[in-house]
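**Q** A predicted structure for the sequence below; I have some questions about it.
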Amino acid sequence: MLIEFKRELLKSICKFHRGLYAILIITVLLSGFSGTVISQKFMVYNLCLVASAFFIDELLMHFVDKTTMFYYTVRSFLFVFGIAISIGFIREMPRYMLCIYMIWGLSVVSEDSFLSNILDEYGIIPRRLALTIIISIGVVLNFWDELEGTWAVGFFFFVAAMVVTSFIDYILISRSIKVYDEKLTGQTLRNDDLIKENEDLKTLQERVEQVNNEINLQKIELTKANKDLEALNRETRSLIDVMKFFSDSYDVEMNANMMVSNIMNIKDPDICTMFIDRNVYGNEEPHREILVSDPSFTKVAADDTKEIFDYIKLRNIIDPLFLCKDNNFMFPYFINIGICNAVAIPAIENGKVYGVLIVASMEERFFDNGLAFYESSVTDFTADLISDRLYLKTVDMAKKDGLTQIYNRYYFNEFYNKLIEDKGHSKNGSLTVAMFDIDFFKNINDTYGHLAGDEVLKNIAGICAEYAERHGGSAVRYGGEEFAIVFSDKNIDESYAILRDLHKDIKNSVINFNGTYIRINVSIGLASYPETNSDIHDVLDSADRALYYSKENGRGMIVIYGREEEALNENFSY
């Protein structure tokens, strides 16, 4: 029988017992004080019996959860209680007390059906019979003198009916309890199964939730990985496109602009600037490429970039240098303009810093994905810079005379033909050509040697190159001791004035060769389009004719084609 059922049943029985105990105590006390009880000891006996029964009730309630002790206690109590009542019946007592004790005894016998374990159904039958017989014997002994004739037969029928009724009562109650217990046990087992099934479902649900969480986490990680991969692919494609641009361009400054623009497009910083030191690719001044998201950043970027480069170059820092990271400023640059992340990537060639790439952003954690893209950009630019410089040097060598380092005749023919073609199409502007020849150059070689002659050639070329650069012209070693200067967009009079000063410098120059001082002079022929020649293709030949006229008529003169006689009257003694 389930312990919950027993507990509730005991509570109800104990309430009934307490009422019965109260009636017995009052009855015993009234009998004792009224003198109807023969012995005071018997009164004490009855009071002790009631107190013991009350104590046993409380003990049963206390041990109701202790299954084995509970049943042994009940059995022992019922057996002792039955004997105690029988002993009481042997003694003479008032009839009203006898009725109360009989009711009590019958209730005890009936309660045994409820309090017994259904598994003990074969042990309860002898116990009930024994208790019924003991109580009946006590009643018979107490009424022995009155049991005569019909009363005796009726009394025995009463006892038999009590026994049969008690037995039937047991059968009905025990079977009902057994059926109830079986149903309740079955429900309990099903409930236990449901509880276990619920626990299994809960465990399964937790596992499913855990798997779902892991799947969601993997989805998040996979999404992030895909985004990172897409960004990496985009960066890689952009670097390839930039390299293709580099391969088709030999303009270092244009390439620097392309690199900075690509970084702005791919990474979207707020400031991106590339600083290149002077004399890196033939540049006489440092070069800056600056792109910003806000025009107000331009001045700060320009000022700070030079200081950052000087700091890095002075210490020859070759690794990326964080200027500030997530508002942690390590250097006093880009402060108070909202920048919170900035890094400087040194540009290195042969272990030396020649420039710096600076990237800055107002975005938190801007460099969390690393600096590989920026470093690759600078590395690619450096490789292209070396290639461009080598190419330009090669091209320059092909264009220039190896001894004098001014343009040679091969390059002159190339750019001069293009120049007269452009001038011919435009029909505007002037084109002036001056042809030079060193007077008595053979005598210099014969007198001082060819090395001295080389020094003379280099001196003449240097002066011609200086004047040509100063006035927007081009100096050329035309061949041997012949030189030429081409002035674009200068008329004959402007060119003649320049050539007078050049001629003066050449004539007054003194060449020191191994302690020997050599003086030189040149003859110059000058022609111009459209002033001396209406056909631009004839200008070079006309300048050469004017030069020939100078050499044939005294040398050391500047002769304008078509105005040769003017040279004869001109004073060239400076």
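**A** All right, it came through fine.
**Q** For the helix or strand containing Glu289, which strands pair with it and how are they oriented?
**A** Secondary structure from DSSP states H and E places Glu289 in strand 287-292. Under the criterion DSSP bridges, strand 287-292 sits next to strand 271-276 (antiparallel) in its sheet.
**Q** moving C-terminal of the strand holding Glu289, what's the next helix or strand?
**A** The helix or strand immediately downstream of strand 287-292 is helix 297-315, counting by DSSP H and E.
**Q** Show me what counts as buried in that next one.
**A** Phe297, Val300, Ala301, Asp304, Thr305, Ile308, Phe309, Tyr311, Ile312, Lys313 (16 or more other C-beta atoms under 10 Å). Backbone N, C-alpha and C define where each C-beta goes, glycine included.
**Q** Also stretch 404-411?
**A** Thr404, Gln405, Ile406, Tyr407, Asn408, Tyr411.
**Q** related to what we said a few turns ago, just the residues contacting the strand holding Glu289, thanks.
**A** The contact list for strand 287-292 (C-beta atoms under 8 Å, 6 or more residues apart in numbering) reads 252-253, 256-257, 259-261, 264, 270-276, 298, 301-302, 305.
**Q** hey, C-alpha coordinates of that strand in CSV?
**A** Output of strand 287-292 as CSV, limited to C-alpha atoms (Å, rounded to 0.1, in the frame of the first residue of the first chain):
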residue,chain,number,x,y,z
HIS,A,287,56.8,63.3,-53.2
ARG,A,288,53.5,62.9,-51.3
GLU,A,289,50.3,61.1,-52.3
ILE,A,290,47.5,62.0,-49.9
LEU,A,291,43.9,60.8,-50.1
VAL,A,292,41.4,61.6,-47.2
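**Q** can you give me how far that strand is from the chain middle?
**A** How far strand 287-292 lies from its chain's middle: 30 Å, per C-alpha atoms, centre = their mean, to the nearest Å.
**Q** any idea of the mean pLDDT for that strand?
**A** The average pLDDT within strand 287-292 is 94.
**Q** what residue ranges in the stretch 101-250 of the chain score low on pLDDT?
**A** 101-156, 158-159, 161-163, 165-174, 176-177 (pLDDT under 70).
**Q** and Tyr391, what does it touch?
**A** For Tyr391, the contacting residues are Tyr250, by C-beta under 8 Å, 6+ apart.
**Q** A strand includes it, no?
**A** No: using DSSP: H, G, I helix; E, B strand; the rest coil, the assignment for Tyr391 is helix, not a strand.
**Q** can you start the count at 686 instead of 1 from here on
**A** Okay, residue one is now 686; in that scheme the one you just asked about reads as Tyr1076.
**Q** which secondary structure element contains Ala1169?
**A** Using DSSP H and E, Ala1169 maps to strand 1167-1173.
**Q** Go through that strand and flag the buried ones.
**A** By 16+ other C-beta under 10 Å, the buried positions in strand 1167-1173 come out as Glu1167, Phe1168, Ala1169, Ile1170, Val1171, Phe1172.
**Q** Just the residues contacting that strand, thanks.
**A** Contacting residues not belonging to strand 1167-1173 are listed as 1091, 1097, 1101, 1104, 1108, 1114-1122, 1145-1146, 1149, 1152-1153, 1156-1163, 1179-1180, 1183-1184, 1187, 1207, 1225, 1228 [C-beta under 8 Å, 6+ apart].
**Q** Derive a PyMOL selection command for the buried subset of the residues you listed.
**A** In PyMOL, this line selects whichever of these come out buried by 16+ other C-beta under 10 Å:
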select buried, resi 1091+1097+1101+1104+1108+1115+1116+1117+1118+1119+1120+1121+1122+1145+1146+1149+1152+1153+1156+1158+1159+1160+1161+1162+1163+1180+1183+1184+1187+1207+1225+1228
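**Q** So which of the contacts of strand 1167-1173 belong to helices?
**A** If you go by DSSP state H, these have 1097, 1101, 1104, 1108, 1145-1146, 1149, 1152-1153, 1179-1180, 1183-1184, 1187, 1225, 1228 in helices.
**Q** between the residues you listed, which is closest to Gln872?
**A** Leu1104 (112.2 Å; C-beta to C-beta).
**Q** could you dump the strand holding Ala1169 to CSV, C-alpha only?
**A** Provided in CSV are the C-alpha atoms of strand 1167-1173 (Å, rounded to 0.1, in the frame of the first residue of the first chain):
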residue,chain,number,x,y,z
GLU,A,1167,78.9,68.9,-83.1
PHE,A,1168,76.0,69.8,-80.7
ALA,A,1169,72.5,71.0,-81.1
ILE,A,1170,69.9,72.8,-79.0
VAL,A,1171,66.2,72.8,-79.8
PHE,A,1172,63.9,75.5,-78.4
SER,A,1173,60.2,74.8,-78.7
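**Q** Mean confidence (pLDDT) on that strand, please.
**A** For strand 1167-1173, mean pLDDT rounds to 95.
**Q** and if you look at stretch 1202-1213?
**A** For stretch 1202-1213, the mean per-residue pLDDT is 95.
**Q** and the angle for whichever strand or helix holds Val945 with strand 956-961?
**A** According to DSSP H and E, Val945 maps onto helix 937-952. Using axes from the mean of the first three to the mean of the last three C-alpha atoms, to 10 degrees, the inter-axis angle of helix 937-952 relative to strand 956-961 is 150 degrees.
**Q** Who are the contact partners of Tyr966?
**A** Contact partners of Tyr966, counting by C-beta under 8 Å, 6+ apart, are Val937, Leu1070, Asp1073, Arg1074, Leu1077.
**Q** was I right about the second one contacting Val937?
**A** Yes: judged on C-beta atoms under 8 Å, Leu1070 makes contact with Val937 at a distance of 5.9 Å.
**Q** Quick check: neighbours shared by the two?
**A** In terms of C-beta under 8 Å, 6+ apart, Leu1070 and Val937 are both contacted by the residues Val965, Tyr966.
**Q** related to what we said a few turns ago, save the buried residues of helix 982-1000 as a markdown table, and put in distance to Ile975 too.
**A** As requested, these are arranged in a markdown table below (distance: C-beta to C-beta, whole Å):
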| residue | distance to Ile975 |
| --- | --- |
| Phe982 | 9 |
| Val985 | 10 |
| Ala986 | 5 |
| Asp989 | 11 |
| Thr990 | 7 |
| Ile993 | 13 |
| Phe994 | 13 |
| Tyr996 | 18 |
| Ile997 | 17 |
| Lys998 | 19 |
